[in-house]
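Chemist: Provided below are the primary sequence and the corresponding predicted coordinates.
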Amino acid sequence: MADEEPAGEIQLALATEHQTTIRGEPRTVEAVVIIRGDVDTSKYEGKENTSVVRETKGNDDMELDHQIGDNDGDNDDGNQGTARKNPKRLTITEHEGDIFHEAPDNTVLVHACNCQGYWGRGIASDFAGRYPQANLSHQQHCYSLKDKKGLLGTAQLIPPMDGTPRHYVACLYTSVRTGTRKSPPEVVLQATGTAMIDLLRQINQEKQISGIRVCRINSGLFTVPWDDTFAVLQALECEDDWQHTAIELWSLPTEKGK
Ligand SMILES: Nc1ncnc2c1ncn2[C@@H]1O[C@H](COP(=O)(O)OP(=O)(O)OC[C@H]2O[C@H](OP(=O)(O)O)[C@H](O)[C@@H]2O)[C@@H](O)[C@H]1O
């Protein structure tokens, strides 16, 4: 795990400059430097496209309630502010089987992620094996932010970049960390709502998407009861002009009926 590595610095020169948007702010990153411990970072001052990230220790999850999504009280995420009459909801269909199996080109495959930039275990490790370039994009996205927990409650939609079949990979940042330091369930659930809306907004700006497949996010290593996450998804309010509001929930045969 990153926290256990010795002090020092790691430089990641990105193969291609990375364009990303975080909370509406466009960012361009060409190199990432990860600092651990007492390292002089003054040589990186003025290098605009270099993101210098300092790894921090300590459990910061409890600060997060105040940092999820847009908390400025306006109504720009479709789920805050004044209630809408008869809001459009997601159409959710349930499917049994492997989420990856025969997924058509231009399907979005959705999973939940920590904000640290690694897909270590669970279905995340399957994504890492199948989509190595998308994994790199995910890492760059996380390391482009000085304070990674700012990703909580946001989503990253990664376009197809690993050959065929052409699949989009979507990361819902629903917990800052993982393992024993994962975010508490109420934080994960709140983040799931805002992240899913963020993802749907991005999906609905894409022209070629053919479908959206979601696994039972949060219900494995994040240990949030599936019914709670399902209720969050059912309650989401979609924008009226969104074309993509149908999601497929894929459950493994062992999970069906639970
Ligand atoms: N092929 C397949 N098709 C369909 N469903 C499949 C499947 N394979 C597994 N599932 C199910 O997919 C759900 C999610 O279960 P997971 O435990 O993976 O994820 P989660 O969302 O609770 O937690 C996220 C953290 O897990 C990772 O691990 P690390 O932190 O990296 O170590 C990440 O990086 C995050 O941090 C469970 O219902 C699994 O049965």
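Modeler: Yes, it's here. Numbering: from 1, shown residues only.

Chemist: Near the ligand, which residues of the stretch 1-150 of the chain? Just list them.
Modeler: 98-100, 112-114, 118-124, 126 (CB under 6 Å from any ligand atom). Backbone N, C-alpha and C define where each C-beta goes, glycine included.

Chemist: now with 5 Å?
Modeler: 98, 99, 112, 114, 119, 120, 121, 122, 123, 124 (CB under 5 Å from any ligand atom).

Chemist: Now do the contacts for the last one.
Modeler: Put plainly, it is residue 124. Each residue near residue 124 by CB atoms under 8 Å, 6 or more residues apart in numbering is listed here: 111, 113, 118.

Chemist: one step back: quick check: PyMOL command selecting the buried ones in the residues of the stretch 1-150 of the chain next to the ligand.
Modeler: Per 16 or more other CB atoms under 10 Å, the buried members of these correspond to this PyMOL selection:
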select buried, resi 99+112+114+119+123+124
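
Chemist: okay, the residues of the stretch 1-150 of the chain next to the ligand in TSV with distance to residue 151, secondary structure and pLDDT next?
Modeler: Output for these, formatted as TSV (distance: CB to CB, whole Å; DSSP: H, G, I helix; E, B strand; the rest coil; pLDDT from 0 to 100):
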residue	distance to residue 151	secondary structure	pLDDT
98	27	coil	98
99	22	coil	98
112	12	strand	98
114	9	strand	97
119	14	coil	95
120	16	coil	92
121	19	coil	95
122	18	helix	97
123	19	helix	98
124	15	helix	98
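
Chemist: Can you point out the buried residues in stretch 209-223?
Modeler: For stretch 209-223, a neighbour-count test (16+ other CB under 10 Å) marks 209, 211-222 as buried.

Chemist: That stretch close to the ligand?
Modeler: Yes. Counting by CB under 5 Å from any ligand atom, the ligand is contacted by stretch 209-223 at 215, 216, 217, 218, 219, 220, 221, 222.

Chemist: Which residue ranges of the stretch 51-200 of the chain form helices?
Modeler: Secondary structure of the stretch 51-200 of the chain, counting by DSSP state H, counting those that start in this stretch: helices at 122-130, 132-143, 185-203.

Chemist: before we move on, back to that, now go through the buried residues of stretch 209-223 and say which are in strands.
Modeler: Judged by DSSP state E, the subset of those located in strands is 211, 212, 213, 214, 215.
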